[in-house]
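> Need the 3D shape of this:
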Amino acid sequence: MMDRSMRTVDDVLRLLDDLFAPEADRWTADAASWWDRFYADRSKPVPFFVAKPDENLVSYLDRGLITPGRALDIGCGTGRNAIHLACAGFEVHAVDLSPAAIAWAEDRARQAGADVHFHCGDVFAPTAADLGGPYDLIYDSGCFHHLPPHRRISYLALLSRVLATYVDSGIDIVETRFQLNQGTGQIIMNGGQLHIAKEIVERRAPRLVTAIKTAAVWVANWVRPLFGW
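Residues are numbered from 1 along each chain as shown. From the prediction side, this is the model:
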């Protein structure tokens, strides 16, 4: 019998974490060493190692669909999107589990002359109090699609805590590279499940469907081989 007390929701979530094989962990602080090994070879031909922001993020900024404010980049990796947001006038905080990724991101930020506040650690951990927000924009290109289903609760709790304006429409299980933020506290995500206000889904449905089809190809060709899914 397991000698373990269950008193809080976090206790239950940690119990569920332990049901996964340790080598499958990509989302807790214990996964930092795996990500360090992943980022160790900077010459590796990985699409998101290239020092360019996501095309959709560039497009939305160019079209004025999102405007400067306070931004949080979750799972920032090498900092490519955080740096682009900073250069576009955002006050940017960016967080990643991997010290190697953060070191690389800091190098790139210095080279670009971009002011980004990088944080190494677990965005869901209590020690992440300095990421308390409020943020006008949360950008996620590298975190959510690595979370197991039960940790989506933690993600929603984070959004409700740090977004300046939060619309809880739940999380639709859709693999996508696309989302829209109109400066109203919605989130942009790129590569994982989608959380988006229902009214935006209704207005942008044709574009969303196209983006989902694009994402399916991207996930099959790049993400699954890279991470061994």
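> how about the helices in the protein?
9-17, 32-39, 55-62, 80-87, 99-112, 152-162, 198-218, 224-227 (DSSP state H).
> Which of those helices comes out lowest on mean pLDDT?
Comparing mean pLDDT over the helices of the chain, the weakest stretch is helix 198-218, at a mean of 40.
> which residues touch residue 142?
For residue 142, the contacting residues are 48, 74, 75, 76, 77, 96, 191, by Cβ atoms under 8 Å, 6 or more residues apart in numbering. No exception for glycine: its C-beta is placed from N, CA and C like everyone else's.
> Does residue 68 touch residue 86 like I think?
No - if you go by Cβ atoms under 8 Å, residue 68 and residue 86 don't touch, sitting 9.7 Å apart.
> Tell me which of the two has more neighbours.
For residue 68 and residue 86, the more surrounded residue by other Cβ atoms under 10 Å is residue 86, and the numbers stand at 23 against 16.
> For the closest residue in space to that one that isn't next to it in sequence, list the residues it contacts.
Spatial nearest neighbour of residue 86, excluding adjacent residues (Cβ to Cβ, 6 or more residues apart in numbering): residue 114 at 4.2 Å. Taking Cβ under 8 Å, 6+ apart, we find residue 114 in contact with 82, 83, 86, 87.
> same thing but at 10 Å, please
Residues in contact with residue 114 (Cβ atoms under 10 Å, 6 or more residues apart in numbering) are 79, 82, 83, 84, 85, 86, 87, 88, 92, 105, 108.
> Next step: the contacts of residue 142 restricted to strands.
Mapping those onto strands (DSSP state E) picks out 74, 96.
> Among the contacts of residue 142, which one lies nearest to residue 56?
residue 191 (10.6 Å; Cβ to Cβ).
> Pick out the most distant pair among the contacts of residue 114.
88 and 105 (16.6 Å).
> Between these two, which is the more surrounded one?
residue 105 (26 against 18).
> okay but residue 38 is in contact with residue 104, surely?
No - counting by Cβ atoms under 10 Å, residue 38 does not reach residue 104; the two are 11.2 Å apart.
> got any residues that touch both of the two?
Shared contacts of residue 38 and residue 104 (Cβ under 10 Å, 6+ apart): 49, 77, 98.
> okay, now the closest residue to the last one other than its chain neighbours: neighbour count?
In other words, residue 98. Among residues not flanking residue 98 along the chain, residue 35 sits closest, at 3.6 Å (Cβ to Cβ, 6+ apart). Neighbourhood size, residue 35 [other Cβ under 10 Å]: 20.
> what do you get for residue 63?
8.
> Could I get the pLDDT score of it?
Looking at residue 63, the pLDDT reads 90.
> Check the gap between it and residue 156 for me.
28 Å (Cβ to Cβ, to the nearest Å).
> quick one on the thing from earlier: would you mind checking which of the contacts of residue 142 is nearest to residue 140?
When the contacts of residue 142 are compared against residue 140 (criterion: Cβ to Cβ), the nearest one is residue 74, at 4.6 Å.
> Let me see the contact set for that closest one.
Residue 74 neighbours (Cβ under 10 Å, 6+ apart): 93-96, 123-124, 131, 138-144, 155, 158-159, 162, 187, 189.
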